[in-house]
Structures are given as structure tokens and as C-alpha cells.
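*Asks:* Below: sequence and its predicted model.
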Amino acid sequence: MATVEKLKQKKGGKVYKSPSWYVRYSCPAGKRRRVAAWADKQSSKQLAANIEKLVACRASGMPPSKGLTEAIERLPKRIKNHLQKTGLLDASRTTESQILDDHLDAWADHLAAKGDSPRHIRQRLSRAKRLLEASGATWWSDISAKRVETALTNFRDVENLSVSTVNAYQSALKQFTRWMYRNDYAKEDPLRHLSRQNPAPHRRC
């Protein structure tokens, strides 16, 4: 069971308690670990609960739930690195938990390295970012085909964008998610089954 505690520190011959709480927990193999949390006890206890869930997932071989994944994404980098070193998070899960802007910048660097023109890169990046924003995605786990499809429908029906323009936005974002998956930055491509939109059929008189 994960617990929270304050460490005792000696200074000037006196014993003080650490300003921050620490989470102490056991890995699936039974080894005891410790990681610094926060000065707030409740937040530290929530971290302990989430780490306990991660230990259970690792022991059972089951992936973390969406809620747990989102909680892990919002942790400071130092804690995520600790969880990776102890084997509770794999490298791709740690990469997924970076904010999307970091991944988009890396994707833009990839496009530049393979020789795409600056104009093309700006256009693809701008379209992918706008579609992510419209679908409410900040983290990788926020991306879903349903949310993106809803945003694309709003582009077409509310903003009156042409089908070809809507498909251009979709193409840019799908290129990004496919790059994430193919380069092992993500375990799956959430938009792999998302189809292009078709023009509305013309009615005969």
C-alpha cells in the first residue's frame, strides 16, 4: 500500500521534518520505493493513490484507465521520469504524457529534416493545431476520432468551410498522429479509422 510521510532531516544539531511529503510504495516485485510529492498533503495522498493504481496495472498487465492516464499526464516531469525508471511507466507512455505542443514542435522538425518547405510546414502545423484546439485536445489522451469528427463537422456546417478545406485540416492532423504512432511515441493512432468527408450529393430536379 502506498503511504505518505515527511522525512526527518538534521540541520545544526536539530531534527526537522521535510517541507514536502513523500510517497512510499512497493513495486510489483516487492521493492520499496520513495518519491517526493508536494507540500500539500491531500495532493500527495492523491499521488499515492494513483501510484498504487499504476502498480496494480503493471502487476496485472492491464493498461491504465483513461482517468489514470490523464492524471499521469499532468504530473511534473520529475515524477514521470521516476515512474519510468522504476518500471511503472514505459517510455512511450512517458512520451505520450508530454503536452501536445511539444510533440507538434518535434513533428515540425521532422518535416523540415525530410525537406518540406517552410510554407508547407507552417500550413500543416497551423491546420493540425487549429483542429486540435477545436476538438478540445491539450494532451495526447484527449485526441479521439469522435471529438475530431465533431470539430470537422462544425468547420463545415457552422464555419461554412468547403469539404476540401475540411479534409485538408483532417489530413494534417492524421499525418501528425500517424507520425507519433510510427515513431513509437504513442501506442496507437487514435485517428487511423477516421474517413475523409464526402461532398454533399447534388439533388436532381
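*Replies:* Nice, thanks for sending it over.
*Asks:* quick one: the strands in this protein?
*Replies:* Taking DSSP state E, the strands of the chain run over residues 3-5, 8-11, 14-17, 22-26, 32-36.
*Asks:* Now do the last one: which elements does it pack against?
*Replies:* Pointing back at strand 32-36 there. Where contact means 3 or more C-beta pairs under 8 Å, 6 or more residues apart in numbering; DSSP states H and E, strand 32-36 is packed against strand 22-26, helix 77-85. In this view, the C-beta of every residue, glycine as well, is placed from N, C-alpha and C.
*Asks:* got the angle for it vs helix 77-85?
*Replies:* Strand 32-36 runs at 170 degrees relative to helix 77-85, counting by axes from the mean of the first three to the mean of the last three C-alpha atoms, to 10 degrees.
*Asks:* Contacts only, for H193.
*Replies:* Contacts for H193 (C-beta atoms under 8 Å, 6 or more residues apart in numbering) come out as A145.
*Asks:* go on, S60?
*Replies:* Per C-beta under 8 Å, 6+ apart, neighbours of S60: none.
*Asks:* Equivalent analysis for A49, please.
*Replies:* Per C-beta under 8 Å, 6+ apart, neighbours of A49: A2.
*Asks:* any idea how far R32 is from it?
*Replies:* For A49, the distance to R32 (C-beta to C-beta, to the nearest Å) stands at 17 Å.
*Asks:* Thank you kindly, that will do.
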